[in-house]
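1. Sequence and predicted structure, then a few things I'm wondering about:
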Amino acid sequence: MATFIILANFTDKGIHDAKDTISRGDKFKAMAANAGVTVKDIYWTIGTFDSVAICEAPDDETATALALSVSTRGNVRTQTLRAFSFEEMGRILNKMV
């Protein structure tokens, strides 16, 4: 499974209903599970982004579909990053020519 970091910012709708953010996090986990994605953890943050989710998905397409699906709910806008572990980065560097 590949690791993805999903960064999210509340929309106006999302911040208006901020008290529901924990339940929305649970719904996100259920949505992810239905899509074949494992949510390792969710953090609510201070700074540029309002939350960060660490996920494992079978491929880029699945992770992207999940991020798009959660964005269609209207509470957050997302950015998705593919993350590489220490071992994965080592394999990548070994392929350099």
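-> Sure, I can see it.
2. and the longest helix anywhere in the chain, average pLDDT?
-> Ranked by residue count under DSSP state H, the longest helix found in the chain is helix 21-35. In this model, helix 21-35 carries a mean pLDDT of 97.
3. For that helix, buried residues please.
-> Buried residues in helix 21-35, defined by neighbour count with 16 or more other Cβ atoms under 10 Å: 21, 24-25, 28-29, 31-32, 35. Backbone N, C-alpha and C define where each C-beta goes, glycine included.
4. what's around residue 93, how many residues?
-> The number of residues packed near residue 93 is 8, by other Cβ atoms under 10 Å.
5. Is it located within a helix, as I assumed?
-> Yes. Counting by DSSP: H, G, I helix; E, B strand; the rest coil, one finds residue 93 located in a helix.
6. Report the contact partners of it.
-> Counting by Cβ atoms under 8 Å, 6 or more residues apart in numbering, residue 93 touches no other residue.
7. Mind pulling up the pLDDT for it?
-> 97.
8. Who is the nearest residue to residue 51 once chain neighbours are set aside paired with across the strands?
-> Nearest residue to residue 51, sequence neighbours excluded (Cβ to Cβ, 6 or more residues apart in numbering): residue 8, at 4.6 Å. The partner list for residue 8 in beta bridges (DSSP bridges) reads residue 51, residue 78.
9. Number of residues surrounding residue 8?
-> So residue 8, with other Cβ under 10 Å, has 24 neighbours.
10. what's the answer for residue 53, then?
-> The burial count for residue 53: 24, using other Cβ under 10 Å.
11. Tell me the spacing between it and residue 74.
-> As judged by Cβ to Cβ, to the nearest Å, residue 53 and residue 74 stand 17 Å apart.
12. ditto for residue 95
-> 41 Å.
13. quick one, which of those two is more surrounded?
-> For the pair residue 95 and residue 74, the greater number of neighbours falls to residue 74 (12 against 6), based on other Cβ under 10 Å.
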